[in-house]
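In: need a 3D model of the following:
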Amino acid sequence: MPVRYAKSAAEPALSVVIPSVPTHDHSQTVAHLREQTLSEPYEILVVDDASVDRSVARNIGLETADADVVALTDDDTTPPPEWLETIHREFANDPDLVCLEGPVYGGCRNTESRHYVGCNLAVRRKEALAVGGFRSEFSEWREDVEFGWRMERDADGGCRFEETMQMRHPSVPRTAFDPALEHRLKTEYPKRYATVMDGSLRRRLYRWGRSVGVIQPVHRVLNVLGYHRGPPR
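Out: Alright, predicted model coming up:
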């Protein structure tokens, strides 16, 4: 299994895992990771194999990593210079923290909490492996969300959203909506799905409706979808 050390350290304070395939160019992402402001030593692992899915690649990275805290991103992101420094600080200041997420900007924009977008995620390695890592069943859709919700439920510690832990994902997502996997996620995590996904849809519809002055049509759409009328919480 090809695991490339784009940057290595004897005793890294952080490990970065990038799932990729040989046909993808990850050089720009690695270049940005080499220019981080973090003063402590860190390693960059690129799991570069087309024979496994993204979930397996991430799990291989988790198993191979030497640091207690592992940051996860994609092979086409632009990590800001302070990305790793922010992650290191948050985990150092909170011993009970096991999973940290942040906003994603660009073509893959997501600024909602509890979505656990895989290109901007950091975990304590031991806890991530203890809950089983990423599940291949969700590899083509929602594997990061499912993993984050499982960390919330099963890991020995807390998960939270950090606004200053920002990531830019300039390209559009490579994955396509899978209704069967979406239904499976909703079935396995009904309460979390209702709180996070349905709540997110309501907030986005309200923001759009207010911005263009069409709140009443938005109310009608929400009523058709079965949501309560009123401002989102």
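
In: going forward, measure contacts and count neighbours with C-alpha atoms only.
Out: Noted.

In: got a list of what His32 touches?
Out: Taking CA atoms under 8 Å, 6 or more residues apart in numbering, we find His32 in contact with 78-81.

In: equivalent analysis for Arg125, please.
Out: Going by CA under 8 Å, 6+ apart, Arg125 touches 62, 67-70.

In: and Val46, by the same measure?
Out: For Val46, the contacting residues are 3-6, 17-20, 61, by CA under 8 Å, 6+ apart.

In: recalculate using a threshold of 10 Å.
Out: For Val46, the contacting residues are 2-7, 16-21, 26, 30, 57-58, 61, 74-75, by CA atoms under 10 Å, 6 or more residues apart in numbering.

In: how about Val52?
Out: By CA under 10 Å, 6+ apart, the contact list for Val52 reads 1, 19-21, 58, 60, 136.

In: among the residues you listed, which are located in helices?
Out: If you go by DSSP state H, the contacts of Val52 have 58, 60 in helices.

In: just the contacts of Val52: which are in strands?
Out: Among the contacts of Val52, the members found in strands (DSSP state E) are 19-20.

In: select only the buried ones of the contacts of Val52 in PyMOL?
Out: Buried subset of the contacts of Val52, written as a PyMOL selection, criterion 16 or more other CA atoms under 10 Å:
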select buried, resi 19+20+21+58+60+136
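
In: in a markdown table: the contacts of Val52, plus distance to Tyr42 and pLDDT.
Out: Below are those laid out as a markdown table (distance: CA to CA, whole Å; pLDDT from 0 to 100):
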| residue | distance to Tyr42 | pLDDT |
| --- | --- | --- |
| Met1 | 22 | 59 |
| Pro19 | 17 | 94 |
| Ser20 | 19 | 90 |
| Val21 | 22 | 81 |
| Arg58 | 17 | 96 |
| Ile60 | 18 | 96 |
| Ser136 | 28 | 94 |
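
In: from the contacts of Val52, pick the one nearest Leu100.
Out: Arg58 (16.0 Å; CA to CA).

In: distance check, the closest residue to the closest one other than its chain neighbours against Phe147.
Out: The shortest distance from Arg58 to any non-neighbouring residue, by CA to CA, 6 or more residues apart in numbering, is to Pro19 (5.9 Å). Going from Pro19 to Phe147 by CA to CA, to the nearest Å gives 16 Å.
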